[in-house]
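*Asks:* Model the structure of this input:
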Amino acid sequence: MRNFGGILRDAWRLTWPYLRSDERWSAWGLLVTIIGLNLSLTGFNVLLNFWNRDFYNALQTKDWRAFLELLFTWRSVPGGFMPGFVSIVAIYIVLAVYRTYLRQWLQIRWRRWLTSRFLDEWLADRAYYRISLTSAGTGTGTDNPDQRVSDDVFNFTGDSLVLSLDLLSNVVTLFSFLGILWSLSGPMRIFGVSIPGYMFWVAVGYSVVGTWFTHLIGRPLIRLNFMQQRFEANFRFALVRLRENVEGIALYGGEREERSNLLTRFGDVVGNWWQIMRRTKMLNSLVFGYSQVANIFPIAVASPRFFAGELTLGGLTQVGDAFGQVQGALSWFVTAYSSLASWSATVERLATFDRTVQAARAAAGEGVAVQAAPRPEIALEDVTLAVPDGRALMAHESLVFPPGQSVVVSGRSGTGKSTLFRAIAGIWPFGSGVVRRPEVPTLFLPQRPYIPLGTLRHAVTYPLPTQAVEDAAVREALSAVGLGALIARLDQEENWALHLSGGEQQRLAVARALLVRPDWLFLDEATASLDPEAEAELYRLIRRRLPATTIVSIAHRQSVAAFHDRRLVFERPHDAAGRLVQAEAAE
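*Replies:* All right, here's what the predicted structure looks like:
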């Protein structure tokens, strides 16, 4: 964990872009209005301080008329008038309510903008993909990006506004009541030395001592809060994984193992929470004791002047209130320490995530380069593929896929066939060389299709927008791939990844290909969950419905090879770079 100065710099880097964005005028307008309301509330606190003096003086002198006027109407005082408590509180309530309302308005606008920015940065240049390949187990700042974009952005915007505005209010309060406390406290002689404004110096000393002890005790909370957010996110992610894979877990009978895994992750949550509890107990013992002593401390210190007749009862209460305001402002660090620790952890996580995304985007040009081809063929030129740790899967391979010639790639599992497809798709960041592709519609179907949230219609038309595909075309495509029974449910919203079997999901992916009608179609064992007969039917359907499409497949079954004109075998010795070898196509 870096020092607090570094955290403040990161917080400013996260904040400043919003204040100069397209929303800057509304942002600054809301912020200035909220600051104005905060200043107004501080002014009312000053007014209440003087009202408090007059009210208690009325009680001391048993002035019934003054008592009623100060409660309900107004009372003339030297130099003007003092409004009644009812009108003061009525205006104060309106100001306080709208301060909170406008702060929440600014928070949701800021959160919306910052969420959009993080999503744009995370998805741009496929930064999310590179991070997923390189960040596992390498640090605490790149795990659980979903939490960064959701919880951390929410906490950062809310806590930043609350803490910064609260700090501003305390600074204004300090200077507003400083003069009052100085003038009311008078001098005090200690060891023959006259100390002017002694109550002010007492407040400063009391606050400095409390702040020092608070920081000493509470400093470990910053790191503990950082780790707590990480452990909570890991536990939540494991629960989501269980929900998304219920059938596989049930078939394996893996309930006991899942329970053990979940309890292990939850054990991290509990263990870190116990450390937070112990540290918070120590901190609260100081803070609560400090606050309680502060309630009586100024009265006790000022009481000699009251008993000496130098202060009235109203004056004594005014001194006590002014002392409390000054001491409270100076002690803001003490009372806000727990919130600051949590906020610091949030800033650290967001800033680390932001730096990781920027680094991933900066590295977008690395790896295998995909360039527009001058001819309609796909060509690999001196392509080397590697895994994130640097081990080579394929070295200096040059190959041409002519248009109109279907190709099947086979080979042992784990040799690098899918990585080759990722390189051709332009998403694999590790390696070198050039892939030249014509600028025509190209579709890649992985073994496990991605099924987005939403309606079945959305799942079928993905990645096309639903409105771009006619209803009749969607229905016909589903019927063609053997999913006609689902047509009546096209507009139902479900978690279709859980409702459809593996084979049904692969059929749905083929329906997408029928709708997109790409010039090049890459299938990475995209029909492997189907039986050989159903798989053959789908390949016949693709060849029949997409006669102008060039098909490139990864497959192990000989029956699939029969639908292709050319066969390549990915041969790779153990822990050595592999190569593509021409083989005879199956008859």
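*Asks:* how about the helices of the stretch 251-400 of the chain, start to end?
*Replies:* Shown for the stretch 251-400 of the chain, the helices assigned by DSSP state H, counting those that start in this stretch span residues 255-307, 313-330, 332-335, 337-362.
*Asks:* tell me the most buried of those helices?
*Replies:* Among those, judged by mean count of other C-beta atoms under 10 Å, the one packed with the most neighbours on average is helix 313-330 (a mean of 23). The way it works is simple: take the backbone N, C-alpha and C, and place the C-beta from them, glycine included.
*Asks:* Run through the neighbouring helices and strands of that helix.
*Replies:* Other elements packing on helix 313-330 under the criterion 3 or more C-beta pairs under 8 Å, 6 or more residues apart in numbering; DSSP states H and E are helix 24-61, helix 153-185, helix 198-218, helix 255-307.
*Asks:* May I see the buried residues of the second one?
*Replies:* Neighbour counts using 16 or more other C-beta atoms under 10 Å place 153-163, 165, 169-170, 172-174, 176-178, 180-182, 184-185 of helix 153-185 among the buried residues.
*Asks:* Over to the shortest one?
*Replies:* Neighbour-count burial for helix 198-218 flags 198, 199, 200, 202, 203, 206, 207, 210, 211, 214, 217, 218 (criterion: 16+ other C-beta under 10 Å).
*Asks:* got the contact list for it?
*Replies:* With C-beta atoms under 8 Å, 6 or more residues apart in numbering as the test, helix 198-218 has contacts from 178, 181-182, 184-188, 195, 279, 282-283, 286-287, 290, 294, 297-298, 301-302, 319, 322-323, 326-327, 330-331, 333-334, 337-338, 341.
*Asks:* In JSON lines, list the buried residues of helix 198-218 along with distance to residue 23.
*Replies:* Formatted as JSON lines, those follow (distance: C-beta to C-beta, whole Å):
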{"residue": "198", "distance to residue 23": "49"}
{"residue": "199", "distance to residue 23": "46"}
{"residue": "200", "distance to residue 23": "42"}
{"residue": "202", "distance to residue 23": "46"}
{"residue": "203", "distance to residue 23": "41"}
{"residue": "206", "distance to residue 23": "43"}
{"residue": "207", "distance to residue 23": "38"}
{"residue": "210", "distance to residue 23": "40"}
{"residue": "211", "distance to residue 23": "36"}
{"residue": "214", "distance to residue 23": "37"}
{"residue": "217", "distance to residue 23": "40"}
{"residue": "218", "distance to residue 23": "35"}
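*Asks:* pLDDT and distance to residue 377 for the residues you listed - can I get that in TSV?
*Replies:* Written out in TSV, the entries for those read as follows (pLDDT from 0 to 100; distance: C-beta to C-beta, whole Å):
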residue	pLDDT	distance to residue 377
198	69	90
199	72	87
200	73	84
202	75	86
203	75	81
206	75	81
207	75	76
210	75	75
211	75	71
214	77	70
217	79	70
218	75	66
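*Asks:* Let me know the closest of those to residue 466.
*Replies:* Out of the buried residues of helix 198-218, the one with the shortest distance to residue 466 is residue 218. That distance is 52.4 Å, counting by C-beta to C-beta.
*Asks:* distance of that closest one from residue 101?
*Replies:* Using C-beta to C-beta, to the nearest Å, one gets 31 Å for the distance from residue 218 to residue 101.
*Asks:* so what's residue 11 closest to, chain neighbours aside?
*Replies:* Computed as C-beta to C-beta, 6 or more residues apart in numbering, the closest residue to residue 11 that is not its neighbour in sequence is residue 347, at 4.9 Å.
*Asks:* Contacts only, for that neighbour.
*Replies:* Neighbouring residues of residue 347 by C-beta under 8 Å, 6+ apart: 7, 10, 11, 14, 156.
*Asks:* Go ahead and build a PyMOL selection from the buried members of those residues.
*Replies:* Under the burial definition 16+ other C-beta under 10 Å, those of the contacts of residue 347 that qualify are selected in PyMOL by:
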select buried, resi 7+10+11+14+156
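*Asks:* Cross the contacts of residue 347 against helices and list the overlap.
*Replies:* The helices, defined by DSSP state H, take in 7, 10, 11, 14, 156 from the contacts of residue 347.
*Asks:* Looking at those, spot the one nearest residue 400.
*Replies:* Here the nearest of the ones in helices among the contacts of residue 347 to residue 400, counting by C-beta to C-beta, is residue 14; it sits at 48.1 Å.
*Asks:* surely that closest one meets residue 111?
*Replies:* No - using C-beta atoms under 8 Å, residue 14 makes no contact with residue 111, being 11.9 Å away.
*Asks:* Now the common contact residues for the two.
*Replies:* Here residue 14 and residue 111 have no joint contacts, going by C-beta under 8 Å, 6+ apart.
*Asks:* Residue 444 in helix, strand or coil?
*Replies:* At residue 444, secondary structure determined by DSSP: H, G, I helix; E, B strand; the rest coil is strand.
*Asks:* So what does the residue nearest to it when sequence neighbours are not counted have for phi and psi?
*Replies:* Taking C-beta to C-beta, 6+ apart as the measure, residue 444 lies nearest to residue 522, with 4.6 Å between them; neighbours along the chain are not counted. Dihedral angles of residue 522 (phi, psi; degrees, to the nearest 10) stand at phi -110, psi 120.
*Asks:* can you pull the contacts of residue 522?
*Replies:* Each residue near residue 522 by C-beta under 8 Å, 6+ apart is listed here: 421, 424, 425, 442, 443, 444, 445, 552, 553.
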